[in-house]
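Predicted model and sequence below, questions to follow.
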Amino acid sequence: MPTYNDFFGPYGGRYVPEVLQPPLAELEKAFQEALNDPEFLKEYEDFCRDFIGRPTPLLPARNASRELGGAQIYIKLEGLANTGAHKINNAAGQALLARRMGKKRIIAETGAGQHGVATAAACARLGFPCVIYMGEEDIRRQHPNVYWMEMYGAEVRPVTSGSRTLKDAVNEAFRDWTANSHDTHYLLGSALGPSPYPDMVREFQSVIGKEIKEQADFKIDAMVACVGGGSNAIGFLAPFLDNPDIRMIGVEAGGRGAGEGNNAVRMADTGRPGIIQGYKSLFLHDQDGQVLDTHSISAGLDYPGIGPQLASLGEAGRIEFTDARDQEALEALKFFARHEGVIFAMESAHAGAAAIKLAREMSPDQNLIINMSGRGDKDIFISAAALDGDNWREFLDSESRRKYVD
């Protein structure tokens, strides 16, 4: 059984108003009791199998490997999980825990929308009313996911403050939970926030890495995952952290390039320690502690902070960090679509871009695994506009004039 701590090296903690200390303590107690309860573990396992469709495949990317001429590439297809991404692993675990705790309502934040979709779907399955906070800018970029959240019965509340993206949605969700923690569970979507969320999200997402241990009948030399807050990366990597022979690479959003407001790179010299949204980690903020603007073509990678365990592992050198720019992610999206018939989410395409570079540097007798954290259906308004602009705009214009229902 894993050991749970409030801190990972210098990062983590529970820096919240006094009113949130009791519900967080209640959540921590319930979480640890649940993980020691065989009935709860069986319930989660059954939910993963029957509703999520686990295990997800580990695809040998033979065409891509042959084209690049380096390492043998494998792709963990989290995009084939129900709702289209890894986010459902954590949403399912926390929703089952909330039911065990007797909560009557669930709230969540979302950026790219996949956590919102996953939470809405889990709530529909388990009968919870659900409210999703989403920044107005992310609603504009990820409208298909808004449609699906509402189809599942969730109420999507637009957030108009700040940059109108993920960090602002997190703030609004915390405000709601502060007022309603007696009957509401805040289903936080990434491995960050105040303790016990980083441990809890890692534990529910570690199903990814645990499956790979069963699926990989070969020596793993490198593993690559994109990193926003870090839920897919820590779930993918955690079961292998004690194996020093595996090289681990986290890929941040390089955006448009260097410079404030052009990217979301925290693990280079740009991130600095801070305490924001209830935990201590590395953030993009100024000398006065004001969070800086970020940019990424992927709505799920533009968060200004990083999960505390990943920050600690990065500073310790256990995980290497690099970044991929918007254009590199788009090229990776095209590469894996054309060579493997797989459409990466824009977030996952950042991992794909870094893997393409790394694979070329490795030998053909080495093996590299990419975590495809989600599939790219949700990004059609972004990827089509970037890669097929004129045709896409013509299609949208024609659809805007079409009358479907009298």
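That came through, no problem. Residues are numbered from 1 along each chain as shown.

quick check, Thr56 in a helix?
No - Thr56 is assigned coil when assessed by DSSP: H, G, I helix; E, B strand; the rest coil, not a helix.

Use 51 as the first number from now on
Shifting the count to begin at 51 puts that one at Thr106.

Quick check: Thr320 touching Leu334?
Yes - at 6.2 Å, Thr320 counts as touching Leu334 under the criterion of Cβ atoms under 8 Å. From N, CA and C alone the C-beta is placed, and that goes for glycine too.

out of the two, which sits in the more crowded spot?
Using other Cβ atoms under 10 Å, the more surrounded residue of Thr320 and Leu334 is Leu334, with 23 against 17.

How much space separates that one from Val301?
Distance of Leu334 to Val301, given as Cβ to Cβ, to the nearest Å: 17 Å.

same deal with Gly177?
38 Å.

When those two are compared, which one has more neighbours?
Applying other Cβ under 10 Å to Gly177 and Val301 shows that Val301 carries more neighbours, namely 29 against 9.

Could you check which helix or strand contains the more buried one?
strand 297-305 (DSSP states H and E).

so after that strand, what's the next helix or strand?
strand 322-326.

Now do the buried residues in that following strand.
Using 16 or more other Cβ atoms under 10 Å as the test for burial, strand 322-326 gives Gly324, Ile326.

Parallel or antiparallel, list what pairs with that strand.
Using DSSP bridges, the strands paired with strand 322-326 are strand 329-333 (antiparallel).

which residues sit against the partner strand?
Outside strand 329-333, the residues that touch it by Cβ atoms under 8 Å, 6 or more residues apart in numbering are 60-65, 242-245, 248, 316-317, 321-324, 326, 341, 354-358, 361.

ok, the residue lying closest to Gly119 once chain neighbours are set aside to Ala403 distance?
Leaving aside its sequence neighbours, Gly119 sits nearest to Arg410 (Cβ to Cβ, 6 or more residues apart in numbering; 6.9 Å). Arg410 is 12 Å from Ala403, where distance means Cβ to Cβ.

Sort out which residues of stretch 233-252 are buried, please.
Here stretch 233-252 shows 234-252 as buried, counting by 16+ other Cβ under 10 Å.

Tell me which of those residues fall in helices.
Cross-referencing the buried residues of stretch 233-252 against helices under DSSP state H gives Tyr247, Pro248, Asp249, Met250, Val251, Arg252.

Among those, which one lies nearest to Tyr202?
Within these, the smallest distance to Tyr202 is 20.9 Å, found for Val251 (Cβ to Cβ).

Is it correct that the closest one is in contact with Ala283?
No - Val251 lies out of contact with Ala283 (Cβ under 8 Å); the separation is 11.1 Å.

Can I get the strand holding Val301 as CSV, trimmed to CA atoms?
Extracted in CSV, the C-alpha atoms of strand 297-305 (Å, rounded to 0.1, in the frame of the first residue of the first chain):
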residue,chain,number,x,y,z
ARG,A,297,14.2,7.4,-18.6
MET,A,298,11.1,9.5,-17.9
ILE,A,299,10.2,12.7,-19.8
GLY,A,300,7.5,15.2,-19.1
VAL,A,301,6.6,17.6,-21.9
GLU,A,302,5.2,21.0,-21.2
ALA,A,303,3.5,23.5,-23.5
GLY,A,304,6.2,25.5,-25.4
GLY,A,305,3.4,27.6,-27.0
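
Could you list every helix and strand in contact with it?
On a contact count with 3 or more Cβ pairs under 8 Å, 6 or more residues apart in numbering; DSSP states H and E, strand 297-305 meets strand 272-276, strand 370-375, helix 376-390, helix 396-411.

mind checking pLDDT for the residue nearest to Ala266 when sequence neighbours are not counted?
Among residues not flanking Ala266 along the chain, Leu108 sits closest, at 6.5 Å (Cβ to Cβ, 6+ apart). In this model, Leu108 is scored at 98, pLDDT.

Wait, Leu108 touches Leu130, no?
No - contact criterion Cβ under 8 Å: Leu108 and Leu130 do not qualify, at 11.0 Å.

Looking at these two, which one has more neighbours?
The residue with more neighbours, out of Leu108 and Leu130, is Leu130; 19 against 16, by other Cβ under 10 Å.
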